[in-house]
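In: How does the following fold in three dimensions:
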Amino acid sequence: MRPMLYGAPYEAHVADRFGGSTECVLAGKHCESGDVILRQALLADPRAGDVIVTPGTGAYGYAMANNYNGVPRAPVVFCRDGDARVVVRRERYEDLTARDVS
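Out: Reported below is the predicted structural model:
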């Protein structure tokens, strides 16, 4: 919601191909089905199945994330000097129903 409400700027890259000149709109089911994260992302040769990284999304990406829409949260990955480590694992659908009582 941050980009929609007050124009919070994000940057985005294809995970293994930083830089690029193909202008793309990054949108999808992040919180609402019409969310637009970035209207003019310049990506390197984007293809179906690519992982898109958004360094520094602030609270929107993790701390204030919720599951009211039934979409699992993305992992949090710290990257530095060519190394990467997962610090919060990707949420699974089983995580969304773990507290449900049948």
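In: Run a quick check on Asp50 versus His13, I expect a contact.
Out: No. Judged on C-beta atoms under 8 Å, Asp50 makes no contact with His13 at a distance of 9.8 Å. To be clear about C-beta, it is placed using only N, CA and C from the backbone, and glycine gets the same treatment.
In: More neighbours: those two, which one.
Out: Set Asp50 next to His13 and count neighbours by other C-beta atoms under 10 Å: His13 wins out with 20 against 15.
In: and that one, what does it touch?
Out: Neighbour list for His13: Gly19, Gly20, Leu43, Ala44, Ile52, Val53, Pro55 [criterion: C-beta atoms under 8 Å, 6 or more residues apart in numbering].
In: What are the phi and psi values at it?
Out: His13 adopts backbone torsions of phi -150, psi 150, taken as degrees, to the nearest 10.
In: Going along the chain from the helix or strand of the chain with the lowest mean pLDDT, find the next helix or strand for me.
Out: When the helices and strands of the chain are scored by mean pLDDT, DSSP states H and E, helix 2-6 comes last with a mean of 66. Per DSSP states H and E, the first helix or strand lying C-terminal to helix 2-6 is strand 13-14.
In: What average pLDDT does that next one get?
Out: Strand 13-14 carries an average pLDDT of 93.
In: With stretch 35-52 instead?
Out: Mean predicted lDDT for stretch 35-52 stands at 88.
In: now that stretch: how far from the chain's centre is it?
Out: The chain centroid and the centroid of stretch 35-52 are separated by 10 Å under C-alpha atoms, centre = their mean, to the nearest Å.
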